[in-house]
Structure formats: structure tokens, C-alpha cells
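> okay, structure incoming, though there's no sequence with it:
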């Protein structure tokens, strides 16, 4: 991980090394916190822009509301702090990580007086699933760990503690040589990957799981818009993993993963075992969009 110079912490910029918390920070022990992953890209006109910044900030506040956390700043302050963090660290492209957590004070599940703390860090970060994966597709295995039920944990919150589930699934499949895990819901239907949403293509129809056990991904919503604008039929419905086996194409979406083809699931090649034409066209459309090449969605870019 490449360090940057400063981190925005509770309303002020501090040196990277000074952005520290106490060992009894409540969220460290109990996992009650929320965060976002956002990207800034160099655009075709020589500037830099954050993709769908305010949509990410809105989701951060929505996640906090679900977990009964009151963020001590408004949405505009967080938007502005993200942009200023990029400027102060003189980065053209970077990953942006806002996080909201409960600080030290009371311990135990009943704690109510701990301060709500907010930090925003930025740093350079390349392709989450690797440049080779983006170009040629990745190998995926169905995890034995299920995505949690909607009434076990709140699936619409991007919560800190939720990611234990993702880590277990990801570790499980990586130990045996796969790139990413596919997770099923508690009814056995396809949910999502450990950190990405899934799309499949069969006979020209694009399917993606509905927003039940699935986090409402911002890249997912972006791809649905791009697909429909190009005349593709997109269906949000439940499907089983054997429907993925017989798909013509499959791809993951996410802020970190962007648009990554899936070439294989459970040792079965998807389609030809290579990224398909629709996947390739949507990669092209997405990468043009985030670099300012799509005039229809310039409002999705917050220029630094």
C-alpha cells in the first residue's frame, strides 16, 4: 500500500502517521461502523474527477442511519473533504476511503456515549482483482460461507463488521488457487461475490440478483443504466449457480473491481472461457465514462 501525505480526521488534516486511534476504540472491538470505497480517475481533458462522489456519500449516510450512527458532519462537508484530500495529496488518480466509527469511551454492547469519529484517507490503488483479471477474466469458486440473511445483518448498510463474512469467503477460495468467491444467500440463490456484484448474460438477456441480500452497488447501478441505454434487456431476479455455469458471459462490478470478467466458476468455463463481447463492450463503455468520455453522464463526475 502506498502512503499519501495527509488524512482528513474529524474535520482537520493530519499527517498520515498521526492519524491514530486508541486501542479501546469501540469499533475495533465490536465492528459497528460504516465506510465507503470511491475512486478518482484522470480524465481525458487532463483533469481528475471522482466518480459518483455524492452517491457514495449518500450511501455512507444511509448506512449510518441503518446502524443508528449520527455522523457529526453534513454530506457536503464529506464531499468537500474527499476532494480536498486529493488536492492536498497531489494525486491524479486514487482510491478514497471515508470511514465512520465509534471511538474510545464506554465498552460493551450498550455503549451510547462514545464519540462518532470520521476519517477520509486517499492513496494510489490499481486494479483490485489485477490487471490480468480485468483483461482476461478471473477464476471463481462458490464459497461454503453464505451471504447473511436480511434480518441477521442489515444488508443495505456498508458496515465494517459485515466484511468478516466476505473475508472468510475470500480466504477460503484463495487458499485453493481461485481469484474470488461467489456467495449464495441463505435460500441457496446467487447473491454476490465477497466484494462485488454479479451480472450474467444468456441469449442476449442480462441478469443480476435483486437487492435482497445484496449491497446496492453504485457500479452495479451504473452498469444497469449503461446496458439499458444501449438497448440491452436487464432483469433483476434470483437465479441459481447452475444458471451461471450455462451463461454465455459473466462479470463482476464494483468500485474497486470496476468491470471484471468471470471466465470460470467451480472449474466450469463460462461461455468460451474468455471475456465475451458484451462484457468487453461494457468495459469499454465504463472506462470511457469514468474518464469523461460519455457526455450523457458528466454529472457523475466531481472534478478535483
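Arrived safely. As the structure is a prediction and not an experimental result, all values here were calculated from the model.
> what about residue 199, which SS state?
strand (DSSP: H, G, I helix; E, B strand; the rest coil).
> okay, now the spatially closest residue to residue 148 that is not a sequence neighbour: neighbour count?
Excluding its sequence neighbours, the residue lying closest to residue 148 (C-beta to C-beta, 6 or more residues apart in numbering) is residue 165, at 6.0 Å. Any C-beta I mention is one placed from the backbone N, CA and C, and that applies to glycine too. By the measure other C-beta atoms under 10 Å, the count of residues near residue 165 is 18.
> gap between residue 165 and residue 220?
Per C-beta to C-beta, to the nearest Å, residue 165 is found 19 Å from residue 220.
> same deal with residue 296?
Relative to residue 220, residue 296 is positioned 18 Å away (C-beta to C-beta).
> more crowded one of the two?
Between residue 296 and residue 220, counted using other C-beta under 10 Å, the more crowded position is residue 220 (23 against 10).
> please name the nearest non-neighbouring residue to that one.
Here the nearest residue to residue 220 in space, its sequence neighbours aside, is residue 197; by C-beta to C-beta, 6+ apart that works out to 4.0 Å.
> can you list the weak-confidence ranges in the stretch 51-200 of the chain?
The stretch 51-200 of the chain contains residues with pLDDT under 70 at 127-130.
> residue ranges for the strands of it, please.
94-102, 116-123, 138-142, 180-184, 190-193, 197-202 (DSSP state E, counting those that start in this stretch).
> show me the contact partners of stretch 53-70.
For stretch 53-70, contacts defined as C-beta atoms under 8 Å, 6 or more residues apart in numbering pick out 32-38, 71, 75, 78-79, 82-83, 98, 100, 102, 116, 154, 156-159, 216, 218, 255, 300, 302.
> which parts of the chain are helices?
Ranges of helices within the chain are 26-30, 53-66, 75-88, 131-136, 163-174, 218-229, 241-245, 277-290, based on DSSP state H.
> now the third one: buried residues?
Applying a neighbour-count criterion of 16 or more other C-beta atoms under 10 Å, the buried positions in helix 75-88 are 78, 79, 81, 82, 83, 84, 85, 86.
> and the fifth one, by the same measure?
Along helix 163-174, these residues count as buried under the neighbour rule (16+ other C-beta under 10 Å): 165, 166, 169, 170, 172, 173.
> and the contacts of it?
31, 140-141, 143-145, 147-148, 153, 179-181, 183, 194-195.
> now render the buried residues of helix 75-88 as a markdown table, adding distance to residue 247.
Below are the buried residues of helix 75-88 laid out as a markdown table (distance: C-beta to C-beta, whole Å):
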| residue | distance to residue 247 |
| --- | --- |
| 78 | 38 |
| 79 | 38 |
| 81 | 41 |
| 82 | 36 |
| 83 | 39 |
| 84 | 43 |
| 85 | 40 |
| 86 | 38 |
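> got the buried residues for stretch 109-116?
Residues 114, 116 are the ones in stretch 109-116 that count as buried (16+ other C-beta under 10 Å).
> got the end-to-end distance for it?
By C-alpha to C-alpha, to the nearest Å, the extent of stretch 109-116 from end to end equals 15 Å.
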